[in-house]
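Visitor: I'd like to go over a predicted model; first the sequence, then the structure.
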Amino acid sequence: MRVLFATSEIYPLVKTGGLADVAAGLTTALQQQNHEVTVILPAYQEAMRHLDSICELAHFSIHCCSTEYNVRLLRADSDSGVTLLLVDIPGLFDRPGNPYLAEDGTDWWDNGERFGLFSRIAAGVALNQYGLGWRPDVVHCNDWQTGLLPAFMRLLNTDAGSSSETDVDVRLGLPRTIFTVHNLSYAGKFSHALFAGLGLPDAWWSPEMLEFYGAFSMLKGGIVCADYVTTVSPTYAEEICTPPHGFGFEGLLRECAAQGRLSGILNGIDTQVWNPATDRYIPYTYSVQKGRVAQKERNKNHLLKTVVAADVKVDGSAPLLSFIGRMVEQKGIDLLIEAIPALLDETNVNIVILGSGQKNYEHEILNLARLHPHRVFVHIGYSEELAHLIEAGADIFLMPSRFEPCGLNQMYSLAYGTLPIVHATGGLKDTVIDASAENIATGTATGFVMLNASADELRRCCITALELYRKPRTWQKLQKTAMSQDFGWQRSATSYQNLYKA
């Protein structure tokens, strides 16, 4: 099948979070299953720096929000065989740094216009409006940045002149659309002025269509207008139909589920990039098949030399806890900050933390590192090399997220024998099996599951894990079970393939 995969980021061209890894892993797996995959994304300054050979396919102008924009459609190839199609609008995307945020950490003031116009152009590509001589069978959209793509396709279908959108679909063989929600908390909400500037019909400013509590939501556009809606784990698909996790969309999503057009497909991970047997970022490779999990101890020593100041002495034999992620409330970073002092008092653990986010949380984490320089080690920012080294060298991975649509780091941790402590939510619940006595006896346990998101529950789970850590044979059994799990993208890609065909 021919698939147009619309995304606002893809690894390694541009990455701010898990969407980039999903876009890379899923499209590569689909390509390997002999589908013809084209990824369409904005031509960010950062993305263009990664590409060597680029050719122009089309050049045109388009009017949006009282401005006439010159647009180029550029083609590039990737190592995976997936075709890259870049939408080049210099006034909107040729900017340094983060694709969504200005230098001061606030949203770009024109994000709505940027991604609204990107979606409009991607819809034109899907309908072969720009003379590319190619039309996909399926258009796969992701998160609010591409939420208006199905809406624009519906609008263009109606403009085709038939009295029935279904008749137009049949007559023109128009692509079907799938919209994947990676995180429902980002609704892409904007003003009525932008709604009008994008040329959306007045009739669509209604609760049944795009209006959302006095604004309009690009994410809602994807949910309402796509033929099918997916999210990134089965449990999250259930959770988002309830008020605690629905962010105001729960009624709409319950309706989608009742119509049979909502499901959850668990994300995968790139098992070539995240593989302790071949990882180019770690000094001592290991695998469960070769029985060399003991190499983790050598990686731990290397990690500590990397993150600890030269004049600081540290107990390298102590259990090493780790956290990698955004320092925001969703990820439970405040729970970790609250739990750390008690953990340091009650146990002999060391803790390594990699991430960035809200400045108050960054400040509190750095303050803990200053108070405990021999035991708490912090790197503010992101480093791919350090992330891999932490997974290979740490003993336990902490992921106390209040909600987690899927999560990737817990799956990386399982692959590396770094047993995760997670909250029973979303994809965390779907991927980690608690180390209860029964699950250990049956050989199914892979980590530790918090029943509620609180600092006390996190501390309790850590102490339970450390009790088992002091039983080497049991711990190694847990590690080997964890490392034997298959979370490769082929399984997820097969599920999407079946959905595309349906």
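Guide: Yes, it's here.
Visitor: drop to CA atoms for contacts and neighbour counts, all remaining ones
Guide: Will do.
Visitor: how far away is Leu408 from Gly355?
Guide: Taking CA to CA, to the nearest Å as the measure, Leu408 falls 15 Å from Gly355.
Visitor: neighbour count winner among the two?
Guide: Counting neighbours by other CA atoms under 10 Å for Leu408 and for Gly355 shows that Leu408 has the greater number, 21 against 18.
Visitor: For that one, what are phi and psi?
Guide: phi -110, psi -40 (degrees, to the nearest 10).
Visitor: Quick check: buried residues in stretch 307-326?
Guide: Neighbour counts using 16 or more other CA atoms under 10 Å place 307-308, 314, 316, 319-326 of stretch 307-326 among the buried residues.
Visitor: And stretch 282-291, by the same measure?
Guide: Buried residues in stretch 282-291, counted by 16+ other CA under 10 Å: 282, 284-288.
Visitor: Next: stretch 208-223.
Guide: By neighbour count with 16+ other CA under 10 Å, stretch 208-223 contains the buried residues 209-212, 215-223.
Visitor: picking up where we left off before, of the buried residues of stretch 307-326, which is the nearest to Cys241?
Guide: For the buried residues of stretch 307-326, the closest approach to Cys241 (CA to CA) belongs to Arg326, at 25.1 Å.
Visitor: List the residues that contact that closest one.
Guide: Residues near Arg326 by CA atoms under 8 Å, 6 or more residues apart in numbering: 355-357.
Visitor: and it, helix, strand or coil?
Guide: Following DSSP: H, G, I helix; E, B strand; the rest coil, we place Arg326 in the strand state.
Visitor: Could you pull out the strands in the stretch 201-350 of the chain for me?
Guide: Along the stretch 201-350 of the chain, the stretches classed as strands by DSSP state E, counting those that start in this stretch are 211-212, 215-217, 228-231, 262-264, 320-327, 350-357.
Visitor: and Leu57, which of the ones you listed is closest to it?
Guide: Leu57 lies closest to strand 228-231 among those, at 30.1 Å (CA to CA).
Visitor: Kindly reformat the buried residues of stretch 307-326 as JSON lines containing distance to Phe487.
Guide: Shown next, in JSON lines, are the buried residues of stretch 307-326 (distance: CA to CA, whole Å):
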{"residue": "Val307", "distance to Phe487": "29"}
{"residue": "Val308", "distance to Phe487": "33"}
{"residue": "Val314", "distance to Phe487": "35"}
{"residue": "Gly316", "distance to Phe487": "31"}
{"residue": "Pro319", "distance to Phe487": "26"}
{"residue": "Leu320", "distance to Phe487": "25"}
{"residue": "Leu321", "distance to Phe487": "23"}
{"residue": "Ser322", "distance to Phe487": "21"}
{"residue": "Phe323", "distance to Phe487": "21"}
{"residue": "Ile324", "distance to Phe487": "19"}
{"residue": "Gly325", "distance to Phe487": "20"}
{"residue": "Arg326", "distance to Phe487": "23"}
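Visitor: Asn350: which of the buried residues of stretch 208-223 is nearest?
Guide: Leu219 (41.0 Å).
Visitor: I'd like the distance between the nearest residue to the closest one once chain neighbours are set aside and Arg114.
Guide: Nearest residue to Leu219, sequence neighbours excluded (CA to CA, 6 or more residues apart in numbering): Trp144, at 4.1 Å. Distance, Trp144 to Arg114, using CA to CA: 12 Å.
Visitor: Those two - which one has more neighbours?
Guide: For Trp144 and Arg114, the more surrounded residue by other CA under 10 Å is Trp144, and the numbers stand at 31 against 19.
Visitor: which residues touch the more buried one?
Guide: The contact partners of Trp144, by CA under 8 Å, 6+ apart, come to 186-188, 217-220, 222.
Visitor: In helices, which of those residues appear?
Guide: 218-220, 222 (DSSP state H).
Visitor: possible to save the buried residues of stretch 307-326 as TSV with pLDDT and distance to Gly105?
Guide: Shown next, in TSV, are these (pLDDT from 0 to 100; distance: CA to CA, whole Å):
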residue	pLDDT	distance to Gly105
Val307	95	26
Val308	93	28
Val314	94	35
Gly316	92	37
Pro319	97	35
Leu320	98	31
Leu321	98	29
Ser322	98	26
Phe323	98	22
Ile324	97	20
Gly325	93	17
Arg326	91	14
